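1. One predicted model, sequence on top.
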Amino acid sequence: MKKYMICFLLICSSISEFSCKKFLDVEPLDKLTGNNFYKTKGDVEAVINDMARMHFEKLNETQVVGAVGEYRSGEVKYEPTNDLGTRRQFVEVLGRNEMIDIVTNSARWTFYDFARITRWTRYYQIIQSANILIYNLEQGVEALTAAEIKQYIGEAKFARCLAYYNMVHLFGDVPYYTNAFAIQAIGRENMVSVFNKCIADLKSSMNDMPWTFSDPALKGVRASRGSAIALIMNMNMWNAGFDQANASKYWRETADLGGELVRSRAFRLIPLAEWATVAKGRSDESLFELFRTTNYGDAVSNWAPFADMFLRYPYKLPQSSHQVSSAFYKAEYMEKIYPNLLPDGRKEAWFESMYANSGEFMVLKYAGNTFVEGGEENNPDNTFMVFRYAESILLRAEALANLGEEDEAITMLNLVRARAKAPSYDGSGGQPLKDFIFLERARELFGEGHYYFDLIRTRRILSRSWTSNSLSLDQFNRGGWTWPIDADATRNNPYMVLNTYWLNGGK
């Protein structure tokens, strides 16, 4: 009888996009209900790890980082002589914002199946797991101390808010709920409101979490106070772009939290010569990542890492089919962010033939941890970076510049440039400084999935001087920057609506 009741609650849940039977096929019932679970520390750790696994699955299901955060800016071209020919042409289709073609023409892109990005079921399974975990922790787990319970609640809140963060980036407004067993159908909530609730949620628990972990196996892998601050900062800066009447409030909190992060001395910028350790994962620069390694037999899809598109022999094997990179960034764009005549250590460390305008182009930023045996096709053994210290420093610099606190903004900016062996910024304040910080984020975070979202939240996406794939103000306001939402989201929920921009064919 109890199992039937749980099924009934799940069917009625506003986030349910599948039948009870299908849900139970995905998540064991005991983990959801707590019947025989949440008794030991190991039980709680298993759920924490499982939520990270589900986040990884969303990044691993196709070329997510590139498709979502990079290519839609229109700066990437495919190399016609690459090993898969026109299947790699999707980078240009994304760069024209032809999202209906991307998600419906799966035969054209074969194994990529970008329609998977439009399905938010997995994110809501993470949210449901977090909600149920928090509920059980608040009821008490005898095997845990009070401090441990608080820390795990903080980690669960981070997982929940990271899921909302990713969905807002993809879809804009989303349904928001935190109840362990929601039974009321709800519609989509304004994304600024969602982020404000997430920020309050994280702030209520972030001080119960350690700044970072001394155990090298957990550093950057498990959510910490540093992870929570990085997520709050990013949510605040997103809201500053969409809730402009309150922008100063968001900038102030971002600047203050970034200062707290810097003063903690819990993280550091790794020397450029040791960059491979950052790409590998678990470094002192990592605030949060989805760590994977072949040592554990982790099944990272060949098509998922950003590096797959921008490496060739000897970093990609076999030699016979990897004579060129599958895609390249346009020379015009590379010259814009990395002027040819200006010194910058990242140009030599992270690129080869960076102005080639052809498949000779390579992103060596992700080539340091290559396989040394076997002739099969594999990508370098890198982590999936989500937040790192340099990103937070530059976000603080941006907030300070917007607040008019330019001396401190330049100090933050020059921390990153010093590590990059690039000259310190010596330009003027005002808009030139803000533009330079934006370009510094493009340089430093190249290929990490932030660029397109930086264009959106700063509204530079509206200007052809900043992107080859600009949107009109009307397109922007109607959600032309979002992804379509899979129609299954409307199942069993009369209040659900899809993104109308894409229902109209992207017109």
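-> That came through, no problem. The structure displayed is predicted, hence computed values, not measured ones.
2. which residues of the stretch 1-150 of the chain fall in helices?
-> In the stretch 1-150 of the chain, the helices defined using DSSP state H, counting those that start in this stretch lie at 2-12, 20-26, 29-33, 41-60, 64-69, 90-95, 99-104, 106-109, 121-139, 146-171.
3. Now do the last one against helix 121-139, angle only.
-> With axes from the mean of the first three to the mean of the last three Cα atoms, to 10 degrees as the criterion, the two stretches helix 146-171 and helix 121-139 enclose an angle of 160 degrees.
4. mean confidence for the following helix or strand past helix 146-171?
-> Later in the chain than helix 146-171, the nearest helix or strand by DSSP states H and E is helix 191-203. Mean per-residue pLDDT for helix 191-203: 98.
5. Return the set of buried residues in helix 191-203.
-> Buried positions in helix 191-203, judged by neighbour count with 16 or more other Cβ atoms under 10 Å: 191-192, 194-199, 201-202. The C-beta positions use only the backbone N, C-alpha and C, and glycine is treated the same way.
6. now swap in stretch 292-299 and tell me
-> Those would be residue 292, for stretch 292-299 by 16+ other Cβ under 10 Å.
7. quick one on the thing from earlier: lowest mean pLDDT across the helices of the stretch 1-150 of the chain, which one is that?
-> Ranked by mean pLDDT, the helices of the stretch 1-150 of the chain bottom out at helix 20-26, which scores a mean of 30.
8. What is the least confident helix or strand in the chain?
-> Lowest on mean pLDDT, DSSP states H and E among the helices and strands of the chain sits helix 20-26, with a mean of 30.
9. in the stretch 251-400 of the chain, what spans have low per-residue confidence?
-> Low-confidence segments of the stretch 251-400 of the chain, defined by pLDDT under 70, span residues 297, 371-376.
10. Which parts of it are helices?
-> 275-280, 331-337, 345-350, 389-403.
11. Would you mind giving these as CSV with distance to residue 73 added?
-> Shown next, in CSV, are the helices of the stretch 251-400 of the chain (distance: least, Cβ to Cβ, whole Å):
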stretch, distance to residue 73
helix 275-280, 22
helix 331-337, 8
helix 345-350, 18
helix 389-403, 18
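12. Quick one: closest of those to residue 62.
-> With Cβ to Cβ, the closest approach to residue 62 among the helices of the stretch 251-400 of the chain belongs to helix 275-280: 20.8 Å.
13. May I have the closest one exported as PDB, CA atoms only?
-> Taking C-alpha atoms only, helix 275-280 is exported to PDB below (Å, rounded to 0.1, in the frame of the first residue of the first chain):
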ATOM      1  CA  TRP A 275      47.900  24.100 -16.400                       C
ATOM      2  CA  ALA A 276      47.500  20.400 -17.100                       C
ATOM      3  CA  THR A 277      46.800  19.800 -13.400                       C
ATOM      4  CA  VAL A 278      43.900  22.200 -13.600                       C
ATOM      5  CA  ALA A 279      42.500  20.500 -16.700                       C
ATOM      6  CA  LYS A 280      43.000  17.100 -15.000                       C
END
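14. Report all helices and strands that it contacts.
-> Here helix 275-280 is seen to pack against strand 384-388 when contacts are counted using 3 or more Cβ pairs under 8 Å, 6 or more residues apart in numbering; DSSP states H and E.
15. Can you give the contact residues for the strand it packs on?
-> Residues outside strand 384-388 that contact it (Cβ atoms under 8 Å, 6 or more residues apart in numbering): 56, 59-60, 65, 162, 227, 230-231, 234, 278-279, 281, 285-292, 305, 448.
16. Parallel or antiparallel, which strands does that strand pair with?
-> In the sheet, strand 384-388 lines up against strand 286-290 (antiparallel) (DSSP bridges).
17. residues in contact with the partner strand?
-> Outside strand 286-290, the residues that touch it by Cβ under 8 Å, 6+ apart are 52, 55-56, 59, 158, 162, 219-221, 223-224, 226-227, 229-231, 267, 278, 281-282, 383-389, 391-392.
18. quick one, that strand and helix 41-60 angle?
-> Interaxial angle, strand 286-290 versus helix 41-60 (the same axes, to 10 degrees): 80 degrees.
19. Quick one: distance of strand 286-290 to the chain centre.
-> Offset of strand 286-290 from its chain centre (Cα atoms, centre = their mean, to the nearest Å): 10 Å.
20. Equivalent analysis for stretch 37-48, please.
-> Distance of stretch 37-48 from the chain centroid (Cα atoms, centre = their mean) equals 26 Å.
21. buried sites along that stretch?
-> Buried residues in stretch 37-48, counted by 16+ other Cβ under 10 Å: 37-38, 43-44, 47-48.
22. Over to stretch 74-82?
-> Of all the residues in stretch 74-82, those buried under the rule 16+ other Cβ under 10 Å are 74-79, 82.
23. now do stretch 162-172
-> By neighbour count with 16+ other Cβ under 10 Å, stretch 162-172 contains the buried residues 162-172.
24. List buried members of the contacts of strand 384-388 by neighbour count.
-> By neighbour count, with 16+ other Cβ under 10 Å, those hold 56, 59-60, 65, 162, 227, 230-231, 234, 278-279, 281, 285-292, 305, 448 as buried.
25. Without its sequence neighbours, what residue ends up closest to residue 228?
-> Spatial nearest neighbour of residue 228, excluding adjacent residues (Cβ to Cβ, 6 or more residues apart in numbering): residue 206 at 3.9 Å.
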